[in-house]
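**Q** what's the 3D shape of this:
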Amino acid sequence: MDVLVTYDVSTEDKAGRRRLRRVAKTCVDYGQRVQQSVFECSVDRAQYEQLEDQLIALIDEESDSLRIYRLAQPTAETVRTWGSDPLDLDEPLVL
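**A** All right, here's what the predicted structure looks like:
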């Protein structure tokens, strides 16, 4: 399944900045960054549940925001992009 993960982590203190780095690192483990705090991920059901559990454990529900959208299939027909878009979830990611 394809999911879109968005988050807004309060960075007013050191703990918030640490949470932000941890949330971003967790998202990188499952997908690709498409904007500063937005990731597109292609995961199976088990990976989805693991990603969700990890992110919920990381955020502070009093000051942070997390949204995970499950995208309709096929995304090639439902996602429209403009401008620079080097993202291709069907190809291997080479770093």
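**Q** now residue 70: how far from residue 10?
**A** Applying CB to CB, to the nearest Å, the value for residue 70 to residue 10 is 26 Å. Where C-beta positions appear, they are placed from N, C-alpha and C, glycine not excepted.
**Q** Of those two, which one has the most company?
**A** residue 10 (16 against 11; other CB atoms under 10 Å).
**Q** residue contacts, that one?
**A** By CB atoms under 8 Å, 6 or more residues apart in numbering, residue 10 lies in contact with 16, 60, 63, 64.
**Q** Using the three-state scheme, assign the closest residue to residue 12 other than its chain neighbours.
**A** In this structure, residue 12 finds its nearest non-sequential neighbour in residue 63, 8.0 Å apart by CB to CB, 6 or more residues apart in numbering. Using DSSP: H, G, I helix; E, B strand; the rest coil, the structure places residue 63 in coil.
**Q** just checking, residue 38 touches residue 6?
**A** Yes. Judged on CB atoms under 8 Å, residue 38 makes contact with residue 6 at a distance of 5.1 Å.
**Q** Next SSE downstream of the helix or strand where residue 50 lies?
**A** Assigning secondary structure by DSSP states H and E places residue 50 in helix 45-58. Using DSSP H and E, the helix or strand that follows helix 45-58 towards the C-terminus is strand 65-70.
**Q** in that following strand, what counts as buried?
**A** Going by neighbour count (16 or more other CB atoms under 10 Å), the buried part of strand 65-70 is 66, 68.
**Q** Can you name the residues that contact residue 19?
**A** So residue 19 contacts 9, 58, 59, 60, 64 (CB under 8 Å, 6+ apart).
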